[in-house]
Structure formats: C-alpha cells, structure tokens
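Asker: Below is the sequence, then the predicted model.
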Amino acid sequence: MLNKIKVTLVQAPVWAPNLPPLGIAYLSSFLKDKNIDVDIFDFNIELYHSVPSAYQKFWEKEWYDCWNLENFIQFITNEYRELFDSWVTKIIQSGSLIIGFSINCGSKKLSLFLSEQIKQRDSSKYVVFGGPDLFGYKTNDLMSLDAPIDALVVGEGEEAFYELILCKEKGQNIAVPGTIVREGSDIRINKDRALIEKLDLLPIPDLTSFPLEKYTERETIPILSSRGCISKCNYCSDHQMWKRFRYRSSENIFQEISYWNSKGFKNFTFCDLLINGSLKHLESLCELLIQSKIQVFWGGMAIPKFLDASIIKKMKRAGCNWIFMGVESFSKRILKKMAKHIDPDESLEIIKRCHNEGIKVSIGLIVGFPGEEAEDIAINLAVLEKNYQYIEFVSVNPCCINLGTSLYNQIHNLQITLSGAICPALMWDAIDETQTVPNRLFLAKLFSDFLAEHYSERKSEYQKYDAFYYRTMYWYYQEKGNPILSQKYLEKLKLLNILAVPISLY
C-alpha cells in the first residue's frame, strides 16, 4: 500500500522579480498531472516586496553576487528573521514530507539556510535540491556530510523528481537516474538520465499558484518553447547542461499562448536560450498567430543568424516587438576564439532589419575575452559608434570563465589562473599579464560610459555598472592584500550613496 506523499516546491531568493520561475512551475504541473499534491512558495517575490525600495536594487544583475556573501546573507536573515521563521513554519505546517528547492547561482545560500532551519525543527522532512545550478558539475560541495540535503535532482527534473517521490511512497531505495541521494553516511550517485524527447507531452506550466500580480511584469506570461541550444560557444555552459536542442511543436506553443490570451494576457516572454533554433517551427508559430488574429506581443533571445527579411516581417506581423541577440563581439577573430559561428556583418544586417520593421533589438557584448587585443576593442567601439541608433540597449559583460564550460577546460593551455574567493569566474588573470581583472573591469566600464553618452534616455541603466565596478575592484584589492587601492575603490563606492545598507555588508 502506497503512503501518499505531499510535496512543497520553493523558490528562495534571489531570482529575477519580473516573472514567476518557470522551473518549479513546470515541476508543479507535471506532478499535479500525476495526482501528486503540491504547494508552491515563491519566497523570492515575497522578500522583494518586504524590503524597503532601496534594498530592491539587490535584485538587479549588478548586485546578484552579494547573495553569495556570508555577511550579506547573515544581515538579511537577521534583519528579516520573523519573515524567514514564518516561511519555515509555513513549510512544516504544509504537511509535505518532500521539500524541493530550485537552485541557481544566487539562491543557493538562502536555500541552504532555509533547509537547515527546516531540518532543525523537523528532521523527518526530506529536502531535495534541483534546478539550473545542478547540472552535474556543481554538486560536490552541496552533498557534504553535514549539508541539510537528502537528494539532488541533476538535469531535467520532471521525470526524475516524480520517480523519486514514488520511491519514497513505496519505501524503496532511490536508484532513480538523474539523482544523487544520501544513504546514511554514504552518497549514491545514480546514472545520468536520458533527456525528455517529446516536450509536447509536458503539461503547460502551473502559474496559478503564483501571485502573478506581485511580479514587476505582472501583465506578461513566460513561455518556454524549447530546451537547449544549437550552438556550443566555449564561454557558455548551457549546451553542457541541455546536451542538445529540442523544441515543442508550434501548435502546442500556440495552444498555451491562446489559453493565457483567453485569460486576458497579451504579453509573452520566451525564456528559451534562442527562439530561432528551428526556423521552420518559428515561422509556423508566426503563421498560426497571424491566422488566429489574436492580438499578442512577444519577444525573446535569438542567435544573430538565419533571420532574413521575410521571417522578420512575419515575426512582426505575429506580434514580435522586441528581441535580444547574443552578438558578444563584432570582431571575427574573437568570435572564432569563442567558437561562436556567426558573421558580424550578418549580425549587423539582421539588427538593422529588425529595427526597420519596428522590432526593438538589444544585444549582449562580452569584453575582455582571453586573447582580446586593442584592435578587437576598437572594432566593437567603431561598430557601436556607427550603428547605435539601431540598437535599443547593449548589455556589457566582462568575460567570466564558468565551471563546466569549454573555456574553463582550456585555462591551463591559456595560462589563466582563477584566484578569487568572491566571484571566481570573474576573478581570473592571464599569467602573461595581458589581461588582468582591473583591466577587464575597466574595459567594461569604458564601454558602459561610452554607451551612457550615446543613449541619454537610458544613461542611468549604464551607470549602474559603476557600483559593480567599484565594489568588485574593492574586493579584488582586498584579496590581493593592497589596502591603499582597496580603500580607494571603497571611497568611490561610498560616494555613489546607492543603498541605505551598511557598506560593509557588500
């Protein structure tokens, strides 16, 4: 006889406050479809609305790294102790045996904190971590003997998590592919799990359990039309996570859009790594939207290739009004080093086509990539100088070398050292000193200042980089044992007077 188990899914801070998290939404709908009783708690959006408006800056990307600082986490958990205690009480009183946390790079520490509090009050609760930060190569530190975690779901979570629940219901040992399980003092690492082949068979994400009115884009619904990417850029870990590109049928996506449109929603954000991984399916979806004559507006990320004038016109007619393109560089030499198989001339042509059709285009730009030289920097600046009027916004990012990427696996050949205790992916130096952390951060500031001059209406957005720059330089020189320079950047940070939070916390 089965011991029916209830499940609670939790999104701890930090996560973007604009839209509900799709990961646990997909999990919830899949489990409910299997007659599993599920509660969802988005504590991230609850904390976001509980803090003073000045603190809400910590939910911006320039401040995400603070959520990995011990003193900052201690401050937040002490300052809002009653709120955190109420969350733990809510979880325990939910009647759920299994508590699932969705983990990303910013939510890990508070998820661990909440898990520890739960275990202290009720050690029978079975805590499971899953999510985008647990794709095989980031799991070792989480499953230490004293960690308040019973299991990890690594990779796509729907089927693995459901089978884990069934094992708990039946009282069986958990040998579920795609999981890592604690068994007494031992850790069982089960085999990898095969990918879900037919994404159409997944029920649409369960957003009904989220307080949709609390998200900053409360009139927008997130959509995921595919999983994975067709590219294998060496600075990116996504293709390592998802293995290969898979997509839902255009009819299936259209049904989801139509459902939410019937509920009064007109705006949709595609959360895919790219919306043009299959032009055939993108074009088919556009045709369905055009034929239906429903009025919707949407956008998403795209690779800057394949998009000719015909498909761009069709996208606009179907309601596409914005797009974000991962250009990353206009230098052919750097694009080759990135293993990014795009042509910068084609990228620029696509940007202009979209602009001329009334689709707003933003782009990503990575600066300070290993091997980047003055000529490459000049190329990027020259292209932006000449074509900025076609681009809505440029997201400038100093190059990070993340664990799990092909670039990370090349650091010895490239004679690169990663030395920072804080933000190790960012704190790398080339041994020959052609690229150092200060140079790379200053280069990103140079681009941000350049763009602030050219985009006066969005100047304040580009100036947000100043706080990140001064703060990171302060951290860097602190770790290098240089009190004079660390103090210099601390004073610059103080002058910004950004937050009503003690500066020592971040």
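Answerer: Now that the structure is in, tell me what you want to look at.

Asker: quick one: least confident helix or strand in the protein?
Answerer: Ranking every helix and strand in the chain by mean pLDDT, DSSP states H and E puts helix 238-242 at the bottom, with a mean of 78.

Asker: Off-centre distance for that helix?
Answerer: 13 Å (CA atoms, centre = their mean, to the nearest Å).

Asker: Could you list the alpha-carbon positions for that helix in CSV?
Answerer: C-alpha atoms of helix 238-242 as CSV (Å, rounded to 0.1, in the frame of the first residue of the first chain):
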residue,chain,number,x,y,z
ASP,A,238,24.1,25.8,-21.5
HIS,A,239,24.9,23.2,-24.1
GLN,A,240,26.7,21.1,-21.4
MET,A,241,23.5,21.3,-19.3
TRP,A,242,20.9,20.5,-22.0
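
Asker: And the chain, split by domain according to the record?
Answerer: By the assignment in automatic domain parsing, the chain contains the domains 7-189, 219-402, 411-506.

Asker: nearest to Asp206, of the ones you listed?
Answerer: domain 7-189 (3.8 Å; CB to CB). The way it works is simple: take the backbone N, C-alpha and C, and place the C-beta from them, glycine included.

Asker: re earlier: which of the domains of the chain has the lowest mean pLDDT?
Answerer: Lowest mean pLDDT of the domains of the chain: domain 411-506, a mean of 85.

Asker: what's the residue nearest the centre of the chain in contact with, if anything?
Answerer: Geometric centre of the chain, nearest residue: Asn104, 7.2 Å, by CA atoms, centre = their mean. Counting by CB atoms under 8 Å, 6 or more residues apart in numbering, Asn104 touches 15, 131-133.

Asker: Can you select the buried ones among those residues for me in PyMOL?
Answerer: Selection of buried members from those for PyMOL, criterion 16 or more other CB atoms under 10 Å:
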select buried, resi 15+131+133
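
Asker: can you tell me which residues contact the closest residue to His49 other than its chain neighbours?
Answerer: By the measure of CB to CB, 6 or more residues apart in numbering, the closest residue to His49 outside its immediate chain neighbours is Lys214, 6.0 Å from it. Contacts for Lys214 (CB under 8 Å, 6+ apart) come out as 45-46, 48-49.

Asker: Could you measure from Lys214 over to Gly264?
Answerer: Counting by CB to CB, to the nearest Å, the gap from Lys214 to Gly264 is 17 Å.

Asker: of all the domains of the chain, which lies closest to Leu207?
Answerer: Of all the domains of the chain, domain 7-189 comes closest under CB to CB, at 5.6 Å.

Asker: Select only the buried ones of the contacts of Lys214 in ChimeraX?
Answerer: A single ChimeraX command selects the buried members of those (16+ other CB under 10 Å):
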select :45,46,48
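
Asker: Give me the subset of the contacts of Lys214 lying in helices.
Answerer: The members of the contacts of Lys214 that map onto helices under DSSP state H are 45-46, 48.

Asker: JSON lines please, covering those and showing distance to Ser250.
Answerer: Converted to JSON lines, the ones in helices among the contacts of Lys214 look like this (distance: CB to CB, whole Å):
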{"residue": "Ile45", "distance to Ser250": "31"}
{"residue": "Glu46", "distance to Ser250": "36"}
{"residue": "Tyr48", "distance to Ser250": "35"}
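
Asker: Specify which member of these is nearest to Ser96.
Answerer: Closest to Ser96, out of all of the ones in helices among the contacts of Lys214 and judged by CB to CB, is Glu46, at 17.8 Å.

Asker: related to what we said a few turns ago, can you tell me which of the contacts of Lys214 is closest to Ser448?
Answerer: Nearest to Ser448 among the contacts of Lys214: Tyr48, at 25.3 Å, using CB to CB.

Asker: what about the residue nearest to that closest one when sequence neighbours are not counted, distance to Leu212?
Answerer: Leaving aside its sequence neighbours, Tyr48 sits nearest to Pro17 (CB to CB, 6+ apart; 4.6 Å). The gap separating Pro17 from Leu212 is 12 Å, by CB to CB.

Asker: What of Ala378?
Answerer: With CB to CB as the criterion, Ala378 and Leu212 are 46 Å apart.

Asker: Give me the more crowded residue out of those two.
Answerer: The neighbour comparison of Ala378 against Leu212 (other CB atoms under 10 Å) goes to Leu212, with 18 against 11.

Asker: I figured that one hits Pro222, correct?
Answerer: No: using CB atoms under 8 Å, Leu212 makes no contact with Pro222, being 10.6 Å away.

Asker: okay, and the common contacts of these two?
Answerer: In contact with both Leu212 and Pro222: Pro20, using CB under 8 Å, 6+ apart.

Asker: How many residues are close by Val437?
Answerer: 23.

Asker: swap in the one 5 residues further on?
Answerer: A total of 16 residues lie near Phe442 under the criterion other CB under 10 Å.

Asker: List the contacts of it.
Answerer: Taking CB under 8 Å, 6+ apart as the test, what Phe442 contacts is Tyr469.

Asker: and it, helix, strand or coil?
Answerer: helix (DSSP: H, G, I helix; E, B strand; the rest coil).

Asker: Would you mind listing the residues in contact with the closest residue to His239 other than its chain neighbours?
Answerer: Spatial nearest neighbour of His239, excluding adjacent residues (CB to CB, 6+ apart): Lys232 at 4.8 Å. Taking CB under 8 Å, 6+ apart as the criterion, Lys232 is in contact with 239, 339, 406.

Asker: which of those are buried?
Answerer: 239, 406.

Asker: before we move on, the earlier item: which one of the contacts of Lys214 is nearest Leu485?
Answerer: Tyr48 (34.4 Å).

Asker: Pretty sure Gln56 is one of the things the closest one touches, is it not?
Answerer: Yes: between Tyr48 and Gln56 there is a contact at 6.3 Å, judged by CB under 8 Å.

Asker: hang on, the earlier thing: just to be sure, the residue nearest to His239 is in a strand?
Answerer: No: membership of Lys232 in a strand is not supported by three-state DSSP, which gives coil.

Asker: Do I have it right that Gly404 meets Gln240?
Answerer: Yes: under the criterion of CB under 8 Å, Gly404 makes contact with Gln240 at 5.2 Å.

Asker: Excluding its own residues, what touches the helix or strand where Gln120 lies? List them.
Answerer: Element membership of Gln120, judged by DSSP states H and E, is helix 108-121. Here helix 108-121 makes contact (CB under 8 Å, 6+ apart) with 10, 12-14, 43, 67-68, 70, 73, 76-77, 84-85, 87-88, 91-92, 99, 101, 103, 125, 127, 129, 133, 142, 147-149.

Asker: and the helix or strand following that helix, which residues are buried?
Answerer: Using DSSP H and E, the helix or strand that follows helix 108-121 in sequence is strand 126-130. By neighbour count on 16+ other CB under 10 Å, the buried set for strand 126-130 is 126-130.

Asker: Would you mind checking which of those residues is nearest to Leu348?
Answerer: Gly130 (39.9 Å).

Asker: Helix, strand, or coil at Ser486?
Answerer: Classification of Ser486 by three-state DSSP places it in helix.

Asker: wait, I meant Ile149
Answerer: Relying on three-state DSSP, one would call Ile149 coil.

Asker: OK, contacts around it?
Answerer: Contacts of Ile149 by CB under 8 Å, 6+ apart are 112, 115, 127-129, 142-143, 182.

Asker: Kindly report the same for Ile223.
Answerer: 253, 256-257, 268-271, 298.

Asker: and with 10 Å instead?
Answerer: Ile223 makes contact with 22, 204-205, 248, 253, 256-257, 260, 268-272, 275, 298, 300, according to CB atoms under 10 Å, 6 or more residues apart in numbering.
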